[in-house]
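Trainee: I'll drop the sequence and a predicted model, then ask my questions.
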Amino acid sequence: MVVNTFLRASNVAALLACFSSLSIRAAEYCLSPGKRDGAQANTVVCCSTPAGWQGWKDDLHYRDRIKRLDAYSRAWLRRLVSFHQPNCKEGPECAYLALDTRGRDSRGQPDVEAGLRDFLDELEQPQDLSPRDRPCVAVSRFGSFHTENSGVLTIWRIRCPSGSQHFVTLLAQRDVLVTIELKAPDIKDILPRLGSLKELARSVRITEASLALPDVVEINVDDLSDTEIRQQLLQLTPVGTHMEKVYEVLQSRLYRDSVGPNFSEDMHRSNGDLSTQIGSYSSAVFRRKRPPREFRPPTAEEIRQHISTPPTLPTAIVVQAFWKSDKQHKLRDIEIRRSVVEYKSKKAMPVSP
């Protein structure tokens, strides 16, 4: 997926467009790119709001609003940030500026040309493949500019038969590819804003995940030790932080899951302390067996034995975090606990011979 996928998610775009009040200082956004296989990259990408634009973090009350986002919307916040201008927030007539991140194979340098091809593939989706329209394949080099962190970047101009214009630049560092798109209905609308694309690209800062955390934090509990999880959470809520502030930060930035309807993802309070389930995973992932080299149909006796045997489900490992407070109601320490949850199945029905 690339930036244009976000445009087609109109419900998400409309929701994020409600963050409209400008702050005095440019807000910084930190994103966590994902790879094609679902794994997270080992880097965090940060950028700042360009002058004259607004993003969701430029609203003074964004923390309250982000709490109401569903998991789908929060997933977009982890990898993409889009900006609009105060006088035109949403619609085909409005200018659009966005930065999208994608994790790449860390064994080699990310391929910028491949990233551009992926971007063009997205532009050639159904909205440009109707019988009356041709796909957006008119691509040309428009120019280049220098950035302190990423060197010289090329600006690509993409023209569509519908008349819309896209200016795109891509940069690659470590195991992440960053795509920045500026879109407007016509060339006369986009050229005066080209400086904003450059400003956004120059603000990009890419660092190791151990040194920075994204705005929406998701802990991979099955890949990390208790010590590593604790260190990530301490980055988010350092020792000495007032517990009310800890609660506010966790509610707005920590993405949590649940293993089923019997487990709550809400934050719990007890004697001034806080706790929540931050993730879970199946113990079966560590006991997978290789499939047989040759397939052999089961015998009738094997089928009868399988049906008569009560089905068993793999146990789940639930990971909980506990924020401990001191007498001044400030964070003293964070504890990580794992517990095993077993699922009991109903007794199997007898099988007729």
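Mentor: Structure received.
Trainee: low-scoring stretches of the stretch 201-350 of the chain, by residue?
Mentor: 256-265, 283-298, 300, 302-314, 343-350 (pLDDT under 70).
Trainee: run the last query once more with 90
Mentor: 207-225, 228, 231-232, 235-236, 248-272, 277-318, 339-350 (pLDDT under 90).
Trainee: helices or strands up against the helix or strand containing Glu228?
Mentor: Following DSSP states H and E, one finds Glu228 within helix 226-236. Here helix 226-236 touches helix 243-253, strand 316-325, strand 331-341, going by 3 or more CB pairs under 8 Å, 6 or more residues apart in numbering; DSSP states H and E. For the C-beta atoms, the positions are set from N, CA and C on the backbone; glycine is no exception.
Trainee: flag every buried residue along the second one.
Mentor: By neighbour count on 16 or more other CB atoms under 10 Å, the buried set for strand 316-325 is Ala316, Ile317, Val318, Val319, Gln320, Ala321, Trp323, Lys324, Ser325.
Trainee: and the gap between the nearest residue to the fourth one once chain neighbours are set aside and Lys330?
Mentor: Counting by CB to CB, 6 or more residues apart in numbering, the nearest residue to Val319 once its immediate chain neighbours are dropped is Val221, at 4.1 Å. When CB to CB, to the nearest Å is the yardstick, Val221 and Lys330 sit 26 Å from each other.
Trainee: so for those two, which sits in the more crowded spot?
Mentor: Ranked by neighbour count (other CB atoms under 10 Å), Val221 and Lys330 place Val221 first, with 23 against 16.
Trainee: helix, strand or coil: sort out that one for me.
Mentor: In three-state terms, and counting by DSSP: H, G, I helix; E, B strand; the rest coil, Val221 is coil.
Trainee: walk me through the domains of this protein.
Mentor: Here the domain parsing of the chain from automatic domain parsing is 3-208, 219-341.
Trainee: what ranges do the strands span in the stretch 1-150 of the chain?
Mentor: 28-31, 43-48, 80-83, 96-103, 138-147 (DSSP state E, counting those that start in this stretch).
Trainee: which residues does the first one contact?
Mentor: Surrounding strand 28-31, the residues in contact under the criterion CB atoms under 8 Å, 6 or more residues apart in numbering are 44-49, 55, 57, 78-81, 99, 101, 212-215.
Trainee: then the last one?
Mentor: For strand 138-147, contacts defined as CB under 8 Å, 6+ apart pick out 116, 120, 152-160, 167, 171, 198, 201-202, 204.
Trainee: in strands only, show me those residues.
Mentor: Within these, residues falling in strands by DSSP state E are Val152, Leu153, Thr154, Ile155, Trp156, Arg157, Ile158, Arg159, Phe167, Leu171.
Trainee: and the residues you listed, which two are furthest apart?
Mentor: Val152 and Arg159 (23.4 Å; CB to CB).
Trainee: between those two, which one's more packed in?
Mentor: Just comparing Val152 and Arg159: by other CB under 10 Å the higher neighbour count belongs to Arg159, 15 against 8.
Trainee: just list whatever residues bridge to the more buried one.
Mentor: Ala138, Gln165 (DSSP bridges).
Trainee: distance of the residue nearest to Met267 when sequence neighbours are not counted from Leu177?
Mentor: Distances taken as CB to CB, 6+ apart place Thr276 nearest to Met267, at 4.8 Å, with adjacent residues excluded. Computed as CB to CB, the Thr276 to Leu177 distance reads 33 Å.
Trainee: could you check which of the two is surrounded by more residues?
Mentor: Leu177 (26 against 17).
Trainee: that one: what's it in contact with?
Mentor: Counting by CB under 8 Å, 6+ apart, the residues that Leu177 touches are Pro33, Thr101, Arg102, Gly103, Arg104, Pro110, Asp111, Val112, Gly115, Leu170, Leu171.
Trainee: can you add distance to Pro92 and give these back as JSON lines?
Mentor: Below are those laid out as JSON lines (distance: CB to CB, whole Å):
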{"residue": "Pro33", "distance to Pro92": "28"}
{"residue": "Thr101", "distance to Pro92": "25"}
{"residue": "Arg102", "distance to Pro92": "25"}
{"residue": "Gly103", "distance to Pro92": "31"}
{"residue": "Arg104", "distance to Pro92": "31"}
{"residue": "Pro110", "distance to Pro92": "31"}
{"residue": "Asp111", "distance to Pro92": "31"}
{"residue": "Val112", "distance to Pro92": "28"}
{"residue": "Gly115", "distance to Pro92": "25"}
{"residue": "Leu170", "distance to Pro92": "24"}
{"residue": "Leu171", "distance to Pro92": "28"}
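Trainee: tell me the most packed of these, by neighbour count.
Mentor: Leu170 leads the contacts of Leu177 on contacts (other CB under 10 Å) with 27 neighbours.
Trainee: ranges for the strands of the stretch 251-353 of the chain?
Mentor: 254-255, 268-270, 273-282, 316-325, 331-341.
Trainee: any weak-confidence spans in the stretch 51-200 of the chain?
Mentor: 55-79, 85-95, 102-141, 149-151, 157-166, 171-177, 183-190.
Trainee: surely Asp326 and Asp273 touch.
Mentor: No. Between Asp326 and Asp273 there is no contact under CB atoms under 8 Å: 10.3 Å.
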